[in-house]
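*Asks:* got a sequence here, can you model it:
(2 chains)
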Amino acid sequence: MEYKDYYQIMGLQRDASQDEIKRAYRKLARKYHPDVSKESNAEERFKEVGEAYEVLKDPEKRAAYDHLGANYQAGQEFHPPPNWDSGFEFRGGGFTGADGGGFSDFFEELFGQQGFGGHAGYRPQYSARGQDHHAKVVVDLEDAFQGATRSISLQAPGLDKHGHMQLINRTLNVKIPRGIKEGQMIRLAGQGMPGTGQGAGGDLYLEIHFKPHPFYRAEGRDLHMQLPVAPWEAALGATVQAPTPAGKVDLKIPAGSNSGSKLRLKGRGIPGKPAGDVYVTLSVVAPPANSEQAKAIYKEMASKLAFNPRAGMGV
Amino acid sequence: MTRQTILTGIIVEDTIEFTLGELSRACGKPAEWILALVEEGVIEPLGTEQTQWHFLGHCLRRVRIVERLQSDLGLNLAGAALALELLEEVETLRNRIAALEE
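*Replies:* Predicted coordinates for the structure are as follows:
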């Protein structure tokens, strides 16, 4: 297990005041909130900062942490000394006020497993029906075209055989419906928290996101892509092949096209009623002048074509 | 463990309409809180009588974002509603930038 430097994570000195800790947390939480931030590691950072704040905001936990850790470096192999927490009263008590589900092993080792009490997403309600759960799932864009079955691993709090709260891993085989769009949710009836007594299980909601694709950018059911073309294909017109997630298609390029010209492949986007379109933006690529012949052709164009690409700039 | 069950779900945004109770359960918040969101104009119910209200599927996502902004950043309802609208605008602008850069 690695030692976690909570002060470093929050960008604070070890002697920071409780007010400074609060201010640092507020700032970082806004910066890395997964709904707000577009940074790729936002979710991870947000959890890390939440965990650090959970310890540092509580003078008792902070004192215990300080007592333990002054000589450790972040990332260093760490084993808590025996009875390190004697004199502190939170051991195993499920003290956390935040949603501790995603906290690190380091946190759990020190401050105990999450108890029933303060789990934000998990307040026990005395209704019989199980609670609804949510999870995020990343799939391939192609799955929205074919409707694939994907195996999805989830962690959810549940009771082990001794009746203790534990994070339980489970794997579900889920059919990704054809025609799903980025950000949409799938509801799986009865796959949330089990009900108590005769109560039905809650539902599980999966929020679907697409893996970034090297060619396509999805916007609703429409896809946007760039298609490289040769100068003569753009100038003279041509029928070229273009990839789509459903397979190659023939695309007719009108004569006189240029870089930035947009073409639409109607109904070739994500299937549905109506199906999305694929928007193709042409990008003219100049062939390299890497042979005598290629150079001769460029020289001929230079001498025979009266062409000034900068005419619009007055130079 | 050879038998594998394949679960089939339905797309919330395309097919589901929630009652007040269902929406409240789906986001794990009390119905009063949902009513406050309606009041704030974050989501709009279909139907006139509160007992017959229905919410289109896309409301769930909005409601969940507001819930996270409130609990994680300590925003009040009006602030979270404003942040949600600005986030949606940012999303639209990001898409337009991406389109221009193509």
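*Asks:* ok, now how distant is residue A:67 from residue A:231?
*Replies:* Distance, residue A:67 to residue A:231, by C-beta to C-beta, to the nearest Å: 71 Å. For the C-beta atoms, the positions are set from N, CA and C on the backbone; glycine is no exception.
*Asks:* contacting residues for residue A:251?
*Replies:* Residue A:251 sits next to A:227, A:239-242, A:263, A:265, A:280 when contact means C-beta atoms under 8 Å, 6 or more residues apart in numbering or on different chains.
*Asks:* which one of those is nearest residue A:193?
*Replies:* Residue A:193 lies nearest to residue A:265 out of the contacts of residue A:251, by C-beta to C-beta, at 44.3 Å.
*Asks:* how about the contacts made by the closest one?
*Replies:* A:242, A:244, A:249, A:251, A:277-280.
*Asks:* buried subset of those, written for PyMOL?
*Replies:* Provided next is the PyMOL selection string for whichever of the contacts of residue A:265 are buried by 16 or more other C-beta atoms under 10 Å in any protein chain shown:
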select buried, chain A and resi 242+244+251+277+278+279+280
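*Asks:* quickly name whichever of the contacts of residue A:265 is closest to chain B.
*Replies:* Of all the contacts of residue A:265, chain B sits closest to residue A:279, with 8.1 Å by C-beta to the nearest C-beta.
*Asks:* helix or strand: which one has the closest one?
*Replies:* Here residue A:279 sits within strand A:278-284, counting by DSSP states H and E.
*Asks:* also residue A:44?
*Replies:* Applying DSSP H and E as the criterion places residue A:44 in helix A:42-56.
*Asks:* packing partners for the very next helix or strand once past that helix?
*Replies:* Using DSSP H and E, the helix or strand that follows helix A:42-56 towards the C-terminus is helix A:59-69. Helices and strands touching helix A:59-69, by 3 or more C-beta pairs under 8 Å, 6 or more residues apart in numbering or on different chains; DSSP states H and E, are helix A:42-56, helix A:105-111.
*Asks:* want to throw the ones you listed into JSON lines with mean pLDDT?
*Replies:* Shown next, in JSON lines, are the helices and strands packed on helix A:59-69 (pLDDT from 0 to 100):
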{"stretch": "helix A:42-56", "mean pLDDT": "91"}
{"stretch": "helix A:105-111", "mean pLDDT": "73"}
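*Asks:* which of the ones you listed sits closest to chain B?
*Replies:* Comparing the helices and strands packed on helix A:59-69 against chain B with C-beta to the nearest C-beta, the closest turns out to be helix A:42-56 (7.8 Å).
*Asks:* the inter-axis angle of that closest one versus helix A:59-69?
*Replies:* Going by axes from the mean of the first three to the mean of the last three C-alpha atoms, to 10 degrees, helix A:42-56 is angled at 100 degrees with respect to helix A:59-69.
*Asks:* CA atoms only: put helix A:42-56 into CSV for me.
*Replies:* Extracted as CSV, the C-alpha positions of helix A:42-56 are listed here (Å, rounded to 0.1, in the frame of the first residue of the first chain):
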residue,chain,number,x,y,z
ALA,A,42,-10.8,14.9,-13.5
GLU,A,43,-12.8,12.2,-11.9
GLU,A,44,-9.7,10.6,-10.4
ARG,A,45,-8.4,13.9,-9.1
PHE,A,46,-11.8,14.9,-7.7
LYS,A,47,-11.9,11.6,-5.7
GLU,A,48,-8.3,12.1,-4.4
VAL,A,49,-9.1,15.7,-3.3
GLY,A,50,-12.3,14.5,-1.6
GLU,A,51,-10.4,11.9,0.3
ALA,A,52,-7.7,14.3,1.3
TYR,A,53,-10.3,16.8,2.5
GLU,A,54,-12.2,14.1,4.4
VAL,A,55,-9.2,13.6,6.6
LEU,A,56,-7.8,17.1,6.8
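*Asks:* what packs against that helix?
*Replies:* helix A:6-9, helix A:18-32, helix A:59-69, helix A:105-111.
*Asks:* in the chain, where is pLDDT below threshold?
*Replies:* You didn't pick a chain, so chain A it is. Counting by pLDDT under 70, chain A has low-confidence residues at A:69-71, A:73-75, A:80-102, A:109, A:112-128, A:157-159.
*Asks:* wait, chain B was what I had in mind.
*Replies:* Scanning chain B with the threshold set as pLDDT under 70 gives B:1-3.
*Asks:* what does whichever helix in chain B runs longest contact?
*Replies:* Secondary structure of chain B per DSSP state H: the longest helix is helix B:77-101. Helix B:77-101 has contacts (C-beta under 8 Å, 6+ apart) with A:35-36, A:38, A:217, A:219, A:224, B:36-37, B:40-42, B:62, B:65-66, B:69-70, B:75.
*Asks:* ok, residue A:204 touching residue A:130?
*Replies:* No: taking contacts as C-beta atoms under 8 Å, residue A:204 lies outside contact range of residue A:130: 9.9 Å.
*Asks:* neighbour count: those two, which is higher?
*Replies:* More crowded of residue A:204 and residue A:130, by other C-beta atoms under 10 Å in any protein chain shown: residue A:204, with 25 against 21.
*Asks:* what about the more buried one, distance to chain B?
*Replies:* 8 Å (C-beta to the nearest C-beta, to the nearest Å).
*Asks:* kindly report the same for residue A:28.
*Replies:* 11 Å.
*Asks:* neighbours around residue A:247, how many?
*Replies:* 8.
*Asks:* so it sits in a helix?
*Replies:* No: residue state for residue A:247 (DSSP: H, G, I helix; E, B strand; the rest coil) corresponds to coil; a helix is not indicated.
*Asks:* would you check how far apart it and residue A:240 are?
*Replies:* If you measure residue A:247 against residue A:240 using C-beta to C-beta, the figure is 15 Å.
*Asks:* repeat for residue A:16
*Replies:* Counting by C-beta to C-beta - residue A:16 and residue A:240 are separated by 61 Å.
*Asks:* got a markdown table for the helices and strands packed on helix A:59-69, with mean neighbour count too?
*Replies:* A markdown table is the format used below for these (neighbours: other C-beta atoms under 10 Å in any protein chain shown):
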| stretch | mean neighbour count |
| --- | --- |
| helix A:42-56 | 20 |
| helix A:105-111 | 18 |
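*Asks:* between the ones you listed, which one is closest to residue A:273.
*Replies:* With C-beta to C-beta as the criterion, residue A:273 lies closest to helix A:42-56 of the helices and strands packed on helix A:59-69, at 33.6 Å.
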